[in-house]
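Visitor: Any chance you can model this:
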Amino acid sequence: MIPDPRPVRALLDPSHETFAAEAAAFAAREIAPRTPAATDAAARVEARAILAALGAGRMLEPIRRGDWRACCLAREALAAASPLADAVFALQGLGTLPLLTTGSPTGARLAEEAIAGRAMSAFAMTETEAGSDVAALRTRARKDGGDYVLDGAKSYISNAGIADFYVVFASTDPDARGKGISAFLVPADAPGLRFVGPQVLSAPHPLGELAFEGCRIPAANLLGEEGRGFALGLKTLDRMRATVGAAACGMAARGVYEAAAHARARTQFGKPLAEFQLVQEKIARMATELDAARLLVYRAAWEADHGAERVTMEAAMAKSYATEAAQRIVDDAVQILGARGVLADHPVDRLYRAVRALRIYEGTTEIQHLVIAGQVLQAGR
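Guide: Here you go, the predicted model:
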């Protein structure tokens, strides 16, 4: 069963063990049987269907509750069954957390629709020239009477073109850089918002570009206060970052499962691959790295669930270690499966294409290492 709560039981409550079983059963019943999307267009259709299933199965409820260990368990189960399903869950989290935390009445209503699986959200922060350096974003928002008017462009936006609403980050005071960034709720049908087109990944995933051309929204759609968007975005990413590590663990766990099953079944030179010591060495390393990654992930989630205002270093460690480990684990799984592992219809090939992006989005591994070092040096430990 993925996720297996036993290795991280010390960091879970009894309710989490129950939820782990529910999440695994949901993924096996509702997600695993789906035919994996083979194209960008198919992924866009499938993402909406998956969202409806998540809502009907109440799998998104941990986001509303702020139960980060449950969110991690959900992402492990979904990622093991379908990286696309995991992405749908993640985007509902990123897009609804700012609505739930800023007290916007319109946002709160939309967040309820999103948690129920009836509205798809998106988190529009990244731009062509503003990735790791978020403060360099060029999208502008100016007050005009009772409205804000947005101009600019966003790139690499998940759910672009299919979302019902976007949480958009734009500068209301360019000279202040990060302290001049504000966050806005922008409905997909807002005048002046245009879906430019898809950006196609090797692993089918709804990604694309957005243009804001005199995009007018009510002033009430400002989330929080002017100039506080950067902090809001960082806090959202802080909470969700450990769950990225959980998704990596789900993919890695599926890789270990597929590799071990193949090693037991495949015979070469008169005996199963599982009897070869070099194969055993790989599987031992894969399993050990997976458990280590999961412990870091659930430590960060435990801290968040127990009232920590920020889990910056814990989340950075969890995300960087788990995603790098998952890349190694899935690569070893491909190697153990040999030719079978590079056929496009095999789960480990799909995992191999999907896992790579985890080391980049929501803060690259290199940025996480800078965050960790900064925290250690600041603390003097």
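
Visitor: which residues of this structure fall in helices?
Guide: 14-26, 40-56, 61-65, 68-81, 83-101, 105-115, 229-265, 277-305, 312-337, 347-355, 365-379 (DSSP state H).

Visitor: which parts of the third one are buried?
Guide: So that's helix 61-65. Under the neighbour-count criterion of 16 or more other C-beta atoms under 10 Å, helix 61-65 has 61-63 buried. Using the backbone N, CA and C atoms, a C-beta is placed for each residue, glycine as well.

Visitor: Other residues contacting it?
Guide: Residues outside helix 61-65 that contact it (C-beta atoms under 8 Å, 6 or more residues apart in numbering) are 19, 68, 70-71, 74, 92-93, 96-97, 100, 111, 115.

Visitor: at 6 Å instead, please
Guide: For helix 61-65, contacts defined as C-beta atoms under 6 Å, 6 or more residues apart in numbering pick out 70-71, 93, 115.

Visitor: ok, now stretch 72-91?
Guide: Contact with stretch 72-91 is made by 2-3, 19-20, 23-24, 27, 31-32, 43, 47, 50-51, 59, 158-159, 205, 243, 246-247, 249-251, 253-254, 297, 301, 354, as judged by C-beta under 6 Å, 6+ apart.

Visitor: swap in stretch 154-169?
Guide: 44, 91, 95, 98, 110, 119-128, 181, 183-184, 186-188, 195, 206-210, 229, 233.

Visitor: Give me the domain ranges for this structure.
Guide: Under automatic domain parsing, the residue ranges defining each domain of the chain are 6-115, 121-226, 230-379.

Visitor: and those domains as JSON lines, adding mean pLDDT?
Guide: Shown next, in JSON lines, are the domains of the chain (pLDDT from 0 to 100):
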{"stretch": "domain 6-115", "mean pLDDT": "95"}
{"stretch": "domain 121-226", "mean pLDDT": "94"}
{"stretch": "domain 230-379", "mean pLDDT": "95"}
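
Visitor: separation between the residue nearest the centre of the chain and Pro83?
Guide: In the chain, the residue lying closest to the centroid (C-alpha atoms, centre = their mean) is Ala90, at 4.0 Å. Using C-beta to C-beta, to the nearest Å, Ala90 is found at 10 Å from Pro83.

Visitor: So which of the buried residues of helix 61-65 is the closest to Gly55?
Guide: Each of the buried residues of helix 61-65 was checked against Gly55 using C-beta to C-beta; the closest is Glu61, at 9.6 Å.

Visitor: correct me, but Ala47 touches Pro206?
Guide: Yes - contact criterion C-beta atoms under 6 Å: Ala47 and Pro206 qualify, at 5.4 Å.

Visitor: so which of the buried residues of helix 61-65 would you say is closest to Ile329?
Guide: Nearest to Ile329 among the buried residues of helix 61-65, with distances taken as C-beta to C-beta, is Pro62, at 25.3 Å.

Visitor: who wins for most neighbours among the contacts of helix 61-65?
Guide: Cys71 (27 neighbours; other C-beta atoms under 10 Å).

Visitor: wouldn't that one be in contact with Thr243 here?
Guide: Yes - contact criterion C-beta under 6 Å: Cys71 and Thr243 qualify, at 5.0 Å.

Visitor: so what sits against both of these two?
Guide: Here Cys71 and Thr243 have no joint contacts, going by C-beta under 6 Å, 6+ apart.

Visitor: What is the neighbour count of Lys271?
Guide: Lys271: 9 neighbours (other C-beta under 10 Å).

Visitor: bridging residues for it?
Guide: With DSSP bridges applied, Lys271 shows beta-bridge pairing to Gln268.

Visitor: Look up how far Trp302 lies from it.
Guide: For Lys271, the distance to Trp302 equals 43 Å [C-beta to C-beta].

Visitor: on that earlier part again, now, among the buried residues of helix 61-65, which is nearest to Ala265?
Guide: For the buried residues of helix 61-65, the nearest to Ala265 is Pro62 (36.2 Å; C-beta to C-beta).

Visitor: confidence score at Gly380?
Guide: Predicted confidence (pLDDT) at Gly380: the value is 64.

Visitor: Surely Arg266 and Glu275 touch.
Guide: No - counting by C-beta under 6 Å, Arg266 does not reach Glu275; the two are 10.8 Å apart.

Visitor: how many neighbours does the spatially closest residue to Arg177 that is not a sequence neighbour have?
Guide: Spatial nearest neighbour of Arg177, chain neighbours left out: Ala135 (4.3 Å); criterion: C-beta to C-beta, 6 or more residues apart in numbering. Neighbours of Ala135 under the rule other C-beta under 10 Å: 13.
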